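K.L.:
here is a sequence together with a model predicted from it:
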Amino acid sequence: MRRKIVAGNWKMNKTLDEAVALVSEVVNMVKDEVTGDVQVVLCPPFVYLTTIRQYLQGQSRVALGAQNCHEKASGAYTGDIAAPMLQSIGVQYVILGHSERRQYAGETNAQLAEKVNIALAHGLTPIFCCGESLEQRQAEIHFDFVRTQLTESLFHLSPEQFADIVIAYEPIWAIGTGLTASSEQAQEMHALLREHIAGKYGAEVADNTSLLYGGSANEKNAAELFACPDVDGGLIGGASLKSREFTNVVKARQ
């Protein structure tokens, strides 16, 4: 059975005091208000991970995630963070291939395949991001583009390894723009992703893969998006920075 997951990507936001206040509020709200089996994942900036972990101890419903990791286990890579480091401080999930990393850091599908490998090798669950630009959608190459992202970064994995992957579809044209894919567009792409996975690994693996929607999801549109049969949750950006709004998104998925 695939997992219901709502992950909050805080990106490069919040001071330490603000981060502590936010996680405290989210933990309490989830504890008091969320009754379903949805898994919440909080992905703060690297510098807050050890502090945030303290507030998540004993909170099985709220897990700790990182926003990225390097493709090597160690080395002379100033400013980067390795998967073993994340594992050593209790991180459980790691976002890989976010469109902002692809755009600003030039991450390639081949590089992301290495990142996926190192994350899995150190017990981290990758939240692998894929998605197309507005130009690619308008050119009607978006389906092939997203298929290629999965093929080149994930399809070298064994079925057992792939079972530990979470995929987040994020239409780049809907990230931070206030635009959101319609529920029909989201379902269409999620169904295509599941079909593509089934073509490689079979229906059982595909049916058990959690597919998340990312791209300006918020408390107003979450319920409609999550009602789509192939949308299992969300990778939430701006709305994850407000405890009440984020919790309402989580409640829409329970």
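P.N.:
All right, it came through fine.
K.L.:
can I get the helix or strand in which R101 is found as PDB, trimmed to CA atoms?
P.N.:
Using DSSP states H and E, R101 maps to helix 99-104. Output of helix 99-104 as PDB, limited to C-alpha atoms (Å, rounded to 0.1, in the frame of the first residue of the first chain):
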ATOM      1  CA  SER A  99      13.700  22.300 -10.200                       C
ATOM      2  CA  GLU A 100      15.600  25.100  -8.400                       C
ATOM      3  CA  ARG A 101      18.600  22.800  -8.000                       C
ATOM      4  CA  ARG A 102      18.400  21.800 -11.600                       C
ATOM      5  CA  GLN A 103      18.100  25.400 -12.700                       C
ATOM      6  CA  TYR A 104      20.500  27.200 -10.400                       C
END
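K.L.:
and that helix, average pLDDT?
P.N.:
For helix 99-104, the mean pLDDT works out to 95.
K.L.:
which elements pack onto the next helix or strand after that helix?
P.N.:
Downstream of helix 99-104, the next assigned helix or strand under DSSP H and E is helix 109-121. Judged by 3 or more CB pairs under 8 Å, 6 or more residues apart in numbering; DSSP states H and E, the packing partners of helix 109-121 are helix 83-88, strand 93-96, strand 125-130, helix 142-154. Where you see a C-beta, it was placed from the backbone N, CA and C, and this is true even at glycine.
K.L.:
beyond the helix or strand where Q54 lies, next helix or strand please.
P.N.:
For Q54, the host element (DSSP H and E) is helix 49-56. Using DSSP H and E, the helix or strand that follows helix 49-56 in sequence is strand 62-66.
K.L.:
so which residues make contact with that following strand?
P.N.:
7, 26-27, 30, 39-43, 46, 49, 52-53, 56, 81, 86, 90-95, 124, 127 (CB atoms under 8 Å, 6 or more residues apart in numbering).
K.L.:
all strands of the stretch 101-250 of the chain, in order?
P.N.:
Assigned strands in the stretch 101-250 of the chain, in chain order: 125-130, 166-169, 211-214, 233-236 (criterion: DSSP state E, counting those that start in this stretch).
K.L.:
please, which helix or strand holds the nearest residue to S240 once chain neighbours are set aside?
P.N.:
Nearest residue to S240, sequence neighbours excluded (CB to CB, 6 or more residues apart in numbering): G8, at 2.9 Å. Here G8 sits within strand 5-9, counting by DSSP H and E.
K.L.:
can you list the weak-confidence ranges in the stretch 1-150 of the chain?
P.N.:
Regions of the stretch 1-150 of the chain meeting the criterion pLDDT under 70 are absent.
K.L.:
compare the helices and strands packed on helix 109-121 and give me the one nearest S183.
P.N.:
helix 142-154 (16.9 Å; CB to CB).
K.L.:
run the chain-centre distance for the closest one.
P.N.:
17 Å (CA atoms, centre = their mean, to the nearest Å).
K.L.:
other SSEs contacting it?
P.N.:
Using 3+ CB pairs under 8 Å, 6+ apart: helix 142-154 touches helix 109-121, strand 125-130, helix 183-201.
K.L.:
which other residues reach it?
P.N.:
97, 109-110, 112-113, 116, 128, 130-132, 136, 162, 165, 167, 169, 189, 192-193, 196-197, 200.
K.L.:
buried residues in it?
P.N.:
Under the neighbour-count criterion of 16 or more other CB atoms under 10 Å, helix 142-154 has 142-143, 146-147, 149-150, 153-154 buried.
K.L.:
got the buried residues for the helix holding R101?
P.N.:
Buried residues in helix 99-104, counted by 16+ other CB under 10 Å: 99-102.
K.L.:
and of those residues, the nearest to E245?
P.N.:
E100 (20.9 Å).
K.L.:
which residues touch the closest one?
P.N.:
Contacts of E100 by CB under 8 Å, 6+ apart are 11, 175.
K.L.:
and the residue in the chain sticking out farthest from the centre, what element?
P.N.:
If you look at how far each residue of the chain sits from its centre, by CA atoms, centre = their mean, the farthest one is A76, at 27.6 Å. Remark: A76 resides in no helix or strand, with elements defined by DSSP H and E.
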